[in-house]
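Asker: Model the structure of this input:
(one chain, ligands or ions: 1)
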Amino acid sequence: GWKMEDVMDEEIEVINNTVAPDDHVICALSGGVDSTVAATLVHKAIGDRLHCVFVDNGLLRYKERERVMETFDRDLHLPVTCVDASEQFLSKLKGVVDPEMKRKIIGKEFICIFDAFAHELEQKLGKKPAFLVQGTLYPDVIESCPPPGSGRTHSHTIKSHHNVGGLPKDMKLKLIEPLKLLFKDEVRQLGRILKVPEPFLKRHPFPGPGLAVRVLGDVTEGNALDIVRLVDEIFIQSIKDAGIYDSIWQAFAVFLPVKSVGVQGDQRTHSYVVTLRAVTSQDGMTADWVEEEFGAWGEVVEGEIYNTAPDDSSVLSPTLATLLNGSPPCPNQGELPISTSYSTVYCFENSFLKEVSQKICNNVRGVNRVTLDITSKPPSTIEWE
Ligand code: XMP
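Answerer: Modelled structure (predicted):
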């Protein structure tokens, strides 16, 4: 079987053959699994000739900057510069309500900041950095260049996704994409070997534009961002306490710029409404709201059970197996489950929802109503904007 250790050694060799001994490399960290694993791998190969930047765009979750910086520093020893650009982002977003416009502004601001970082680094080093690390995965490669006859279309035409890592225009950086043949679960396996902490590897996906797509309308209105941060933290902590975080693809809170009437204590209130969303999914392309019984990943191949759950390193993607082995993988290996061998029920109990709702109304000033999103994808998207 394939070992992720072999993949890691192979990748490190490739990086060392690509980057000359006096070359410098830059990387934008989003706080997500992909960019973190990519940077950790490159750091293992070339050490402190890697220079990372993490941008606080003012749209991060509760204590997120502190939490991810601590992981970069204490657990991974990555050389990371943290840029607090919240004011800059939020002033550009003031008054903007169109979701696509919000994404474009955030993408553009990000490139400006990254550009400035790259130029400052050039001053400091006395030479231009030569490479840029990106955490591109295999599905991103397929998505931006669908194989002929696959029937897949560019999802970018549906919604423009701005992941971190826009290219500074005049830098002429060459790309290093060490994860571009891997699927998400394989990136997690690689991360495990690289000692990226387990809870970090299991974090739910978080969109590049951050809370901007979870505060509907103008993100700078009132204290919407503070409200959504607190509500989200209460919801996520409750999910973790209930031991179901890992069974959920994504869970989060959304701020609705809508006020409803309530009564708290003996006071009549006129406060905001929030909604909670939790979905199960295999890839984010389709999703079910957390309610249904769903099959866990598992398959029977020639009398043996191959569990394709994230912990198993015996199944690699067909492409990666071909790269390493020179031939495609044995039949069925790495494909989607033929038949599910077991299933588990995941749903929120009413008592859980009741407790979360009470905690939110008791602890978050400005909220007097909590709703639950019970829509799958399609017809809804996972995010609200
Ligand atoms: P939707 O909302 O399109 O989301 O069903 C599918 C997955 O993509 C994430 N998402 C984004 N990620 N930039 C990102 O990097 C974006 O603009 C963006 N919009 C959605 C979403 O969180 C879900 O995992």
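Asker: the strands in the stretch 201-350 of the chain, which residues?
Answerer: Taking DSSP state E, counting those that start in this stretch to define them, one finds strands in the stretch 201-350 of the chain at 250-264, 267-280, 288-289, 293-295, 299-301, 304-306, 343-345.
Asker: Need those strands in CSV (columns: mean neighbour count).
Answerer: All C-beta atoms are positioned from the backbone trio N, CA, C, and that covers glycine. Output for the strands of the stretch 201-350 of the chain, formatted as CSV (neighbours: other C-beta atoms under 10 Å):
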stretch, mean neighbour count
strand 250-264, 18
strand 267-280, 19
strand 288-289, 18
strand 293-295, 12
strand 299-301, 16
strand 304-306, 13
strand 343-345, 9
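Asker: Out of these, flag the one nearest the ligand.
Answerer: strand 250-264 (5.5 Å; C-beta to the nearest ligand atom).
Asker: on that earlier part again, and the strands of the stretch 201-350 of the chain, which one is worst for confidence?
Answerer: Considering the strands of the stretch 201-350 of the chain one by one, the lowest average pLDDT is found for strand 299-301, at a mean of 31.
Asker: Let me know the average pLDDT across stretch 188-203.
Answerer: With pLDDT averaged residue by residue, stretch 188-203 scores 96.
Asker: Put the alpha carbons of it into PDB.
Answerer: The C-alpha coordinates for stretch 188-203 follow below in PDB (Å, rounded to 0.1, in the frame of the first residue of the first chain):
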ATOM      1  CA  ARG A 188      -5.000  15.800   6.400                       C
ATOM      2  CA  GLN A 189      -2.900  12.600   6.500                       C
ATOM      3  CA  LEU A 190       0.100  14.500   5.300                       C
ATOM      4  CA  GLY A 191      -0.600  17.200   8.000                       C
ATOM      5  CA  ARG A 192      -0.700  14.500  10.600                       C
ATOM      6  CA  ILE A 193       2.800  13.300   9.700                       C
ATOM      7  CA  LEU A 194       4.000  16.900   9.700                       C
ATOM      8  CA  LYS A 195       2.600  17.200  13.300                       C
ATOM      9  CA  VAL A 196      -0.100  19.700  12.500                       C
ATOM     10  CA  PRO A 197      -2.400  19.400  15.600                       C
ATOM     11  CA  GLU A 198      -5.400  17.200  15.100                       C
ATOM     12  CA  PRO A 199      -8.100  19.700  16.000                       C
ATOM     13  CA  PHE A 200      -6.500  22.100  13.500                       C
ATOM     14  CA  LEU A 201      -6.700  19.500  10.700                       C
ATOM     15  CA  LYS A 202     -10.300  18.800  11.500                       C
ATOM     16  CA  ARG A 203     -11.500  22.400  11.400                       C
END
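Asker: got the contact list for that stretch?
Answerer: Identification of contacts with stretch 188-203 by C-beta atoms under 8 Å, 6 or more residues apart in numbering yields 4-5, 7-8, 32-33, 36-37, 40-41, 44, 71, 75-76, 179, 182, 245-246, 310, 313.
Asker: Among those, which lie within strands?
Answerer: Assigned to strands by DSSP state E, none of the contacts of stretch 188-203 qualify.
Asker: Which ones among the residues you listed lie within helices?
Answerer: 4-5, 7-8, 33, 36-37, 40-41, 44 (DSSP state H).
Asker: about what we covered before: redo the strands of the stretch 201-350 of the chain as a markdown table? Include distance to residue 215.
Answerer: Formatted as a markdown table, the strands of the stretch 201-350 of the chain follow (distance: least, C-beta to C-beta, whole Å):
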| stretch | distance to residue 215 |
| --- | --- |
| strand 250-264 | 4 |
| strand 267-280 | 10 |
| strand 288-289 | 21 |
| strand 293-295 | 30 |
| strand 299-301 | 41 |
| strand 304-306 | 43 |
| strand 343-345 | 33 |
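Asker: quick one, which of those is nearest to residue 381?
Answerer: Between residue 381 and these, the shortest gap by C-beta to C-beta is with strand 267-280, which sits at 10.2 Å.
Asker: Now look at that closest one and say if it contacts the ligand.
Answerer: No: Strand 267-280 stays clear of the ligand (C-beta under 6 Å from any ligand atom), getting no nearer than 8.6 Å.
Asker: quick one: that strand to strand 250-264, angle?
Answerer: Strand 267-280 runs at 160 degrees relative to strand 250-264, counting by axes from the mean of the first three to the mean of the last three C-alpha atoms, to 10 degrees.
Asker: Paired strands for strand 267-280, with orientation please.
Answerer: strand 250-264 (antiparallel), strand 288-289 (antiparallel), strand 367-372 (parallel) (DSSP bridges).
Asker: quick check: domain ranges of this structure?
Answerer: Per automatic domain parsing, the structural domains of the chain span 4-201, 214-292+344-372, 297-341.
Asker: Wait, residue 233 touches residue 62, no?
Answerer: Yes: using C-beta atoms under 8 Å, residue 233 is in contact with residue 62, at 4.0 Å.
Asker: Much appreciated, bye for now.
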